[in-house]
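In: just a sequence and a predicted model for now, questions to come.
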Amino acid sequence: MTSARFRAGFESLLSESSGVKLAWQGAPPAWLAGDLLRTGPAMFEVGAKHYRHWFDGLAMLHRFALAQDGVGYTNRFLHSQSYQAASEGRKVARGEFATNSQDSYLTRVRATFAGNTTDNGNVNVVAYGDNDFVALTEVPNPVRFDRETLATDGAFGWTDDLKSHVTTAHPHYDFRRRMIYNCDILFHQPSLYRFTRMAFGSAERQSVTEIAVDRPAYMHSFGMSENHLILVEFPLVTNPIRLLLSGRPFIETYRWKPERGLKFTVIHKDSGAVVRSASTDACFGFHLVNAFEQDGSVVIDLIAYDDAAIVRSFYLDTLRAGGGTVTGTLTRFTIPLGSGAVVRETLSDDRLELPNFDYRQRAGCAYRYLWAAGQHGDGFMNRLQKYDLQTRGVVIWEAPCCYPGEPVFVASPNAEAEDDGVVLSVVMDSAKNQSFLLVLDAATLSERARAWTPYVIPFGFHGCHYAEAPLAA
Ligand SMILES: [Fe+2]
């Protein structure tokens, strides 16, 4: 089997650092401060056992403390229960996305029923309060950590009694209502999608609405406009009985059923009422970009794939051999809130993933710019791209042997233009066998600065730039 040029990004990183000072090459803008906090898988083996899928690896947190005289870099494994049980038992102790635990069939089934599943927060890091940071995976078991040291601080304790089996690691923030929304799934007969809201700084979720479903879809994210939550059901669906009893890894109980089409359910945030249900031809996706209300419709942009083959292409054997080509395209769906058909429009034929925009100012609102990791040619994501949705203009950053991760937009203070700021991305340079934090001018994608990290940082998923009080009004 051939080995990918970018293979180092899919190998374990066992080294940890605490406050290592990284020098800038170039000069970031004088206003750049705060922290870039990120998570991603970094340990792909325990004992003699290998995790099978990119989404399975044990989580490592990364903190880039941004200052004029350099970057303070800290990276530390998330000491989740999954990590601790794996470390102590030298085995895969909790079932992950595509890897079973090494427990017996009966123990695994009992754990699934009891919701005693993974808390391996390798997908996203978010703030529930100004001093309350958690690492998330697609199970409602957030793990708290200290923002400065990245030390794990135990399970986040919900104070409600809402039980579910899975959730998204992409909660939405409504800064006007000061609410955090998410969507959970309870596997049952029938199963339920449950949208929840939780006030900033609280630990008590309330149900916005529950929607019964016979075959729940795999759901990585959902949409939010100013007044609505949007459930997007791609037709990669599971039979809850199979999921609970088959003993197969979570994602391997899902089946691609394109005849079910792509279903949108639009829910009013405050009343919980279903405002519109509509279907159109099937596609698959992980990431919804943004949604907004316009002329009596809800407009939702997402990264659309023809089918769910991308999930299989992210098995580690495939990625390490050079597969994993991203084929998603930026696609807009317009859903009339009254009657009328869903309109689909491909906004760009470029292949991209990990979209980002000025979330703080534009989430749920009309927006003009987005940034994403893009892919040109074979291999893996190898460029960053900026899209102007008004002019359809594209700007690209790329460099030889460089594989960037999610671009994170940071607005400059007192910004007037929507693209006034910088974009931060952790990039793996396969020629130097090292990663760096890249700072680009968000408008032009010209390089402002970079800071080399001590080693290759495995390809991660998501993170956020946080100012001192991230949820302050
Ligand atoms: Fe994601």
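Out: Nice, I can see it.

In: next secondary structure element downstream of the helix or strand bottoming out on mean pLDDT in the chain?
Out: Least confident helix or strand, the chain: helix 105-114 with a mean of 83, by mean pLDDT, DSSP states H and E. Downstream of helix 105-114, the next assigned helix or strand under DSSP states H and E is strand 124-129.

In: and whichever helix or strand comes after that following strand, which strands flank it?
Out: For strand 124-129, the following helix or strand on the C-terminal side (DSSP H and E) is strand 132-136. Each strand paired with strand 132-136, and its direction, by DSSP bridges: strand 124-129 (antiparallel), strand 143-145 (antiparallel).

In: surely Tyr369 meets Asp419?
Out: Yes. Assessed by CB atoms under 8 Å, Tyr369 is found in contact with Asp419 at 4.7 Å. The way it works is simple: take the backbone N, C-alpha and C, and place the C-beta from them, glycine included.

In: now do the shared contacts for the two.
Out: Common neighbours of Tyr369 and Asp419 are listed as Asp358, Lys386, Ala442 (criterion: CB atoms under 8 Å, 6 or more residues apart in numbering).

In: could these go into TSV alongside neighbour count?
Out: Formatted as TSV, the shared contacts of Tyr369 and Asp419 follow (neighbours: other CB atoms under 10 Å):
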residue	neighbour count
Asp358	23
Lys386	24
Ala442	28
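
In: state the helix or strand in which the residue of the chain positioned farthest from its centre lies.
Out: What lies farthest from the middle of the chain is Ser339; by CA atoms, centre = their mean that is 32.4 Å. For Ser339, there is no enclosing helix or strand under DSSP H and E.

In: counting only strands, which of the shared contacts of Tyr369 and Asp419 make the cut?
Out: Counted as lying in strands by DSSP state E, out of those, are Lys386.

In: any chance of the shared contacts of Tyr369 and Asp419 in a markdown table, plus pLDDT?
Out: Output for the shared contacts of Tyr369 and Asp419, formatted as a markdown table (pLDDT from 0 to 100):
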| residue | pLDDT |
| --- | --- |
| Asp358 | 98 |
| Lys386 | 98 |
| Ala442 | 98 |
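
In: spit out the contact partners of Glu210.
Out: Leu192, Tyr193, Arg194, Phe195.

In: so what's the second one bridging to?
Out: It refers to Tyr193. For Tyr193, the beta-bridge partners are Ile185, Ile211 (DSSP bridges).

In: adjust the sequence numbering to begin at 152 for everything that follows.
Out: Renumbered: residue one is now 152, and that last one reads Tyr344.

In: neighbours of it, just the number please.
Out: Using other CB atoms under 10 Å, Tyr344 has 22 neighbouring residues.

In: show me which of the contacts of Glu361 is closest to Leu470.
Out: The closest of these to Leu470 turns out to be Tyr344 (CB to CB; 30.6 Å).

In: average pLDDT across the helix or strand where Ala442 lies?
Out: Element membership for Ala442, per DSSP H and E: strand 439-445. Per-region confidence: strand 439-445 scores 98 on mean pLDDT.

In: mind checking how far it is from the chain centre?
Out: Centroid displacement of strand 439-445 relative to its chain, using CA atoms, centre = their mean, to the nearest Å, is 17 Å.

In: just checking, next helix/strand downstream of it?
Out: For strand 439-445, the succeeding helix or strand toward the C-terminus, using DSSP H and E, is strand 448-455.

In: what angle do that next one and strand 439-445 make?
Out: Inter-element angle recorded for strand 448-455 and strand 439-445: 160 degrees (by axes from the mean of the first three to the mean of the last three CA atoms, to 10 degrees).

In: any buried residues in the helix or strand following strand 448-455, and which?
Out: Proceeding N to C from strand 448-455, the next assigned helix or strand is helix 460-464, under DSSP H and E. The neighbour-count check on helix 460-464 (16 or more other CB atoms under 10 Å) flags Ile461, Val462 as buried.

In: and if you look at stretch 190-202?
Out: Judged by neighbour count using 16+ other CB under 10 Å, the buried positions of stretch 190-202 are Thr190, Gly191, Pro192, Ala193, Met194, Phe195, Val197, Lys200, Tyr202.
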